[in-house]
Structures are given as structure tokens and as C-alpha cells.
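**Student:** fold the following, please.
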Amino acid sequence: MFPALRQGTASLDVGGERLGGDELPAAVGGVARQVAGASRVAVTAYPSLGTVVAVAGILAAGAAAVPVDPSSPPGERAHVLRDSDADLVLDGIDLGVRGDLPPDPPADDRPALVLYTSGSTGPPKGAVLPRRAIAANLDALAALWEWGPADVLAHALPFFHVHGLVFGGLGPLRLGSPLVHTGPFFRPVPQATLYFGVPTGWASLADEQLRELSRARLLVSGAGAIPRRLFDRIEALAGQRVLNRYAMTETLVITSPGVHDPRDPGSVGRPVHGMDLRLTDLDRDDEGDFGQVEVRGPHLFLGYLSGDRSFTSDGWFRTGDVGRWDEAGRLRLIGRADLDLIKTGGHRVGAGEVEDALLCHPGVAEAAVTGVPDDRLGQRVCAWAVPSVLPSAVPSAQLTVAELHAHLAERLAPYKRPLELRLVDRLPRNHLGKVQKKRLADPGRN
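**Tutor:** Numbers count the residues shown, from 1 in each chain. Below you'll find the predicted structure:
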């Protein structure tokens with residue numbers, strides 16, 4: 001699974017702590033010896049070099065790693081450890097322990113990772129990713145992005161999520177691309193040629209930092225749509241367009257533009273090699289047909305530990321997302337079927353379109369839109385906006401709800417306009433910066 005690790009050509013630098021050459025495979029071998037015979041091993045996934053070494057060692061030993069968010073509350077951590085039935089728990093490792101790498105397990109359907117992901121109801125569910133899914137997806141990305149040993153990858157993503165762990169941690173060990181993890185804060189790295197980030201990370205960079213990114217050849221974004229205004233700002237200062245790809249815990253990367261393909265904030269490209277994608281339950285709006293995204297292929301997980309596979313009778317995984325094909329054959333995502341496709345008064349409204357319209361106003365820094373139950377309309381469109389300058393800071397520059405309603409009236413059909421629009425100090429987000437719309441729509445969850 002890790003050719004570059006076995007060849008001694010991989011290197012990891014996490015928060016200034018570095019291993020490379022023969023020392024890295026020896027450290028991974030030390031972990032593999034420690035966990036030999038285990039079936040599942042939980043790892044407290046700190047933003048540390050030890051986390052990546054630990055996960056690689058577990059996989060090298062033929063076991064499955066269960067990354068645990070170090071900030072998880074005690075109840076959630078207990079659920080993960082109990083549900084995964086982990087044989088061991090690694091809470092930090094000694095990087096000085098050395099050992100030989102065991103024979104590489106074949107790239108088959110044996111579990112490699114159990115990653116916990118929150119659903120719409122109940123506690124987080126453990127998604128079981130096999131070795132063949134990780135290998136197939138990383139190889140597909142290497143071809144699409146021309147990603148290999150000549151690249152230096154930089155990111156600040158957490159190691160308990162597929163973006164940071166699989167693409168940003170195991171990818172360098174497979175492909176030989178040195179990793180520089182910048183710790184808790186996303187920042188430019190002088191030698192980096194490739195960056196992985198999320199919209200909140202890109203937005204956190206100052207103008208001068210974005211100019212420094214012009215030295216890189218590729219900026220890859222995920223974990224949510226990138227707003228048009230941010231996309232344009234990065235292009236203006238870094239001199240290149242962000243590549244926006246579409247992924248899930250259960251599927252890894254589903255679609256992505258190639259490195260030479262056109263890029264825009266509304267498109268997530270075409271299916272990666274080996275991934276089949278279809279749109280079902282088709283409907284139509286002002287822009288044409290759209291439907292629910294279903295996928296199949298060697299990149300997919302085996303199912304949830306709970307037994308819920310979320311597969312159709314003919315073997316397709318239901319993502320819960322809604323999308324449409326554009327005229328160039330690229331996928332455009334509308335959002336989650338349960339949160340971002342709002343059925344109001346016989347019409348269907350995509351939350352993303354309303355959010356984009358709000359973000360076109362210079363006084364709006366962030367926006368979120370969803371539907372809430374309504375006795376008359378079925379659902380009504382509701383919006384939350386964070387002012388660029390908080391009203392309390394500059395009274396003379398206060399953003400008003402009336403001003404935003406007037407702004408939207410010039411851009412959206414009447415049925416698409418929010419019936420409720422609130423100004424808030426911040427939006428609730430998860431560890432990757434995704435807005436937690438369920439908490440907005442249900443104040444009792446805040």
C-alpha cells in the first residue's frame with residue numbers, strides 16, 4: 001500500500017517534527033510490531049507526526065485503524081471505542097521505537113480504516129474503508145493531478161478525517177510526495193508545490209499569504225463549496241484557480257477536475273477513474289434536470305459497522321447529495337437532499353443559489369440557507385448572514401435585514417427569497433469548517 005515508504009523515499013514533517021529516509025519505515029515497523037495480532041486499533045488522532053506513523057504501522061500490520069478525534073467529548077469517544085470493538089488504543093507513540101516492516105498485505109477488501117461520520121440521526125457511524133479503496137482512489141488522484149515525488153504537499157487538515165489522513169497523510173506514503181503539515185494554522189510553505197485546504201482555511205489567509213501561494217502549481221479544495229467571491233480573490237492574488245473536488249468519507253474522492261481542466265467554483269469535475277455516477281429521482285427546475293447522486297466502484301467503503309449499508313438493491317451507494325450535469329459533462333452539486341434542496345410552495349430551491357446571492361453583497365462575510373417546516377408552504381426558505389463588519393463595531397456601517405431583502409429582490413425569483421433572514425455573529429461549523437445547518441434550523445441544538 002505504501003511503495004514510497006518501503007523504498008525509503010517518503011518523508012513527513014508535521015509541526016516541525018520530521019522523519020524520512022530509512023528512519024520513517026523503521027518507525028512504522030516499530031508500531032506494526034507493537035500491534036501485531038490486533039484486528040482493530042484505535043488511535044487518538046492528534047495533529048502530530050506520531051498519528052500518521054501509528055496509522056501507517058497499523059495498516060502495515062494488516063489491522064484496521066480507528067482514528068479518534070482528540071477533541072471528542074467523553075461520551076462520543078466511549079461510543080467510538082465501544083462500537084469499533086478496538087483491541088488496542090494508541091494515545092501517542094514513541095517515535096524512537098524501531099522495527100522491520102512486515103510483508104505488505106495485498107490490496108484487497110480487508111478493512112484498513114474505520115472512520116466515524118455523523119448521520120442525520122443517532123450517534124456517529126463507523127464507515128469501514130478497505131485497502132483497495134484507498135489504493136484505487138490515491139492512484140486515481142495521482143493521475144488526475146499529476147501528483148508524485150516531485151511535489152511537496154502542504155496542509156493543516158486534521159488526521160481523523162479522510163481529507164487530512166487519507167489524501168494528506170497516506171497519499172504521501174504511497175506516492176512519495178513529501179508532506180509538510182503546518183500544525184493548527186493553515187499557512188504558506190516556501191517549498192510547497194501542492195496545497196490541500198478547505199474554504200475556511202483559504203479564507204483565513206491574508207492577501208500577502210495568498211500571493212505566496214503563486215509559487216505552488218496546484219491548490220486543491222474540498223469539504224464544501226468555495227464561494228465565488230473567495231474563488232475570485234484567490235485567483236487575483238495567487239494567480240491560479242482553485243481545483244474543487246467532491247468527496248465523502250464513504251467514497252473518498254468521487255469527482256474532480258484534472259490538473260489541465262477548466263475550473264470554476266460551481267463545478268466539481270467528472271467522476272475519477274473507476275467511479276460510476278448516476279443521478280436518480282430526476283426532477284427539473286429553471287436550470288434543467290437534477291437528481292440524487294448515487295455511485296459505485298472500487299473506491300467505496302464496505303458498509304457501516306452498524307450494518308446499515310445505504311446501498312440500493314442494484315449496488316449503488318446513495319450519497320444523500322443532489323446534483324446536475326452541466327453542458328460540459330461536469331457535475332454541479334446543489335447540496336444535501338435533506339438540507340439544501342428546499343421544497344417550498346410547489347417549487348424547489350437550491351440553498352446554494354440563495355447563499356451565493358447573499359455573498360454577492362459586500363457587507364456579507366458568510367451565509368447559510370436551509371428550509372424549515374411550514375404548515376402552508378411545506379418548507380419556507382430561511383437564511384442566516386454574518387456581516388463583514390459586526391454592527392456593534394461600526395454603527396454607521398450597519399448591515400440591515402431590509403437592505404439584504406432589497407439586494408435579493410434584484411437577483412432571485414420571489415419564491416427563492418428567504419421568508420426569514422437573520423443577522424448573526426457566526427455560523428456553527430464542524431472541525432473542517434462545514435456549516436452545521438441542523439443546528440441553525442433547530443435552535444435547541446445550539
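
**Student:** okay, the longest helix along the chain in CSV with CA atoms only?
**Tutor:** Secondary structure of the chain per DSSP state H: the longest helix is helix 131-145. The C-alpha trace of helix 131-145 is given here as CSV (Å, rounded to 0.1, in the frame of the first residue of the first chain):
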residue,chain,number,x,y,z
ARG,A,131,-7.3,-1.3,1.4
ARG,A,132,-8.3,-1.5,-2.3
ALA,A,133,-10.5,1.7,-1.9
ILE,A,134,-7.6,3.7,-0.5
ALA,A,135,-5.1,2.5,-3.1
ALA,A,136,-7.5,2.9,-6.1
ASN,A,137,-8.5,6.4,-5.0
LEU,A,138,-5.0,7.7,-4.4
ASP,A,139,-3.8,6.3,-7.7
ALA,A,140,-6.7,8.0,-9.5
LEU,A,141,-5.9,11.3,-7.9
ALA,A,142,-2.2,10.9,-8.7
ALA,A,143,-3.1,10.6,-12.4
LEU,A,144,-5.7,13.4,-12.4
TRP,A,145,-3.5,15.9,-10.5
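
**Student:** and the contacts of the helix or strand following it?
**Tutor:** Later in the chain than helix 131-145, the nearest helix or strand by DSSP states H and E is strand 153-155. For strand 153-155, the surrounding residues in contact (Cβ atoms under 8 Å, 6 or more residues apart in numbering) are 147, 164, 168, 171-172, 177-182, 186, 188-189, 192-197. Quick note: C-beta positions are derived from backbone N, CA and C, even for glycine.

**Student:** thinking again about what came up before, mind giving me the packing neighbours of the longest helix of the chain?
**Tutor:** Under the contact definition 3 or more Cβ pairs under 8 Å, 6 or more residues apart in numbering; DSSP states H and E, helix 131-145 sits against strand 111-117, helix 171-175, strand 252-256.

**Student:** residues making contact with the second one?
**Tutor:** Taking Cβ under 8 Å, 6+ apart as the criterion, the residues outside helix 171-175 that touch it are 1-5, 10-12, 52, 56, 135, 138-139, 141-142, 147-149, 153, 177-179.

**Student:** quick one, grab the pLDDT at residue 419.
**Tutor:** Looking at residue 419, its pLDDT stands at 89.

**Student:** tell me the mean pLDDT for the longest helix of the chain?
**Tutor:** 96.

**Student:** where exactly do the strands run in the stretch 301-446 of the chain?
**Tutor:** 303-304, 317-325, 331-336, 341-344, 347-350, 364-374, 378-387, 420-423 (DSSP state E, counting those that start in this stretch).

**Student:** starting at the chain centroid, how far to the last one?
**Tutor:** It stands for strand 420-423. Offset of strand 420-423 from its chain centre (Cα atoms, centre = their mean, to the nearest Å): 28 Å.

**Student:** with the second one instead?
**Tutor:** Offset of strand 317-325 from its chain centre (Cα atoms, centre = their mean): 16 Å.

**Student:** tell me the angle it makes with strand 252-256.
**Tutor:** Inter-element angle recorded for strand 317-325 and strand 252-256: 10 degrees (by axes from the mean of the first three to the mean of the last three Cα atoms, to 10 degrees).

**Student:** by contact count, what packs against strand 317-325?
**Tutor:** strand 276-285, strand 288-296, strand 331-336.

**Student:** 10 Å instead, please
**Tutor:** Applying 3 or more Cβ pairs under 10 Å, 6 or more residues apart in numbering; DSSP states H and E, one finds that strand 317-325 contacts strand 246-248, strand 252-256, strand 276-285, strand 288-296, strand 331-336, strand 347-350.

**Student:** now do the second one, average pLDDT.
**Tutor:** Model confidence over strand 252-256 averages 96 on the pLDDT scale.

**Student:** how far is that strand from where the chain is centred?
**Tutor:** 10 Å.

**Student:** could you give the angle of it to strand 276-285?
**Tutor:** 60 degrees.

**Student:** reformat the strands of the stretch 301-446 of the chain as TSV; add mean neighbour count and distance to residue 117.
**Tutor:** Below are the strands of the stretch 301-446 of the chain laid out as TSV (neighbours: other Cβ atoms under 10 Å; distance: least, Cβ to Cβ, whole Å):
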stretch	mean neighbour count	distance to residue 117
strand 303-304	18	9
strand 317-325	20	11
strand 331-336	21	13
strand 341-344	20	20
strand 347-350	20	24
strand 364-374	20	20
strand 378-387	21	24
strand 420-423	15	29
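
**Student:** ok, back up a step: how far does the longest helix of the chain sit from the chain's center?
**Tutor:** 16 Å.

**Student:** what do you get for stretch 68-81?
**Tutor:** Centre-to-centre, stretch 68-81 and its host chain are 20 Å apart (Cα atoms, centre = their mean).

**Student:** ok, residue 71 to residue 45 distance?
**Tutor:** In this view, residue 71 and residue 45 are 10 Å apart by Cβ to Cβ, to the nearest Å.

**Student:** low-confidence stretches in this protein?
**Tutor:** Applying pLDDT under 70 to the chain picks out residues 106-107, 119-122, 285-287, 309, 346, 389-397, 431-433, 441-446.

**Student:** care to break it down by domain?
**Tutor:** Here the domain parsing of the chain from automatic domain parsing is 1-337, 341-445.

**Student:** so of those, which one's packed in deepest?
**Tutor:** Most buried of these by mean neighbour count (mean count of other Cβ atoms under 10 Å) is domain 1-337; its value is a mean of 19.

**Student:** quote the end-to-end distance of it.
**Tutor:** End-to-end distance for domain 1-337: 35 Å, by Cα to Cα, to the nearest Å.

**Student:** who are the contact partners of the closest residue to residue 383 other than its chain neighbours?
**Tutor:** Excluding its sequence neighbours, the residue lying closest to residue 383 (Cβ to Cβ, 6 or more residues apart in numbering) is residue 418, at 3.9 Å. Applying Cβ atoms under 10 Å, 6 or more residues apart in numbering, we find residue 418 in contact with 342, 349, 354, 357-358, 367, 369-371, 380-385, 401, 404-405, 408, 412.

**Student:** how near is residue 418 to residue 366?
**Tutor:** Distance, residue 418 to residue 366, using Cβ to Cβ: 15 Å.

**Student:** now the spatially closest residue to residue 201 that is not a sequence neighbour: phi and psi?
**Tutor:** The shortest distance from residue 201 to any non-neighbouring residue, by Cβ to Cβ, 6+ apart, is to residue 186 (4.0 Å). For residue 186, the backbone dihedrals are phi -70, psi 130 (criterion: degrees, to the nearest 10).

**Student:** doesn't residue 202 make contact with residue 186?
**Tutor:** Yes - counting by Cβ atoms under 10 Å, residue 186 does reach residue 202; the two are 7.8 Å apart.

**Student:** who touches both of the two?
**Tutor:** Shared contacts of residue 186 and residue 202 (Cβ under 10 Å, 6+ apart): 195, 209.
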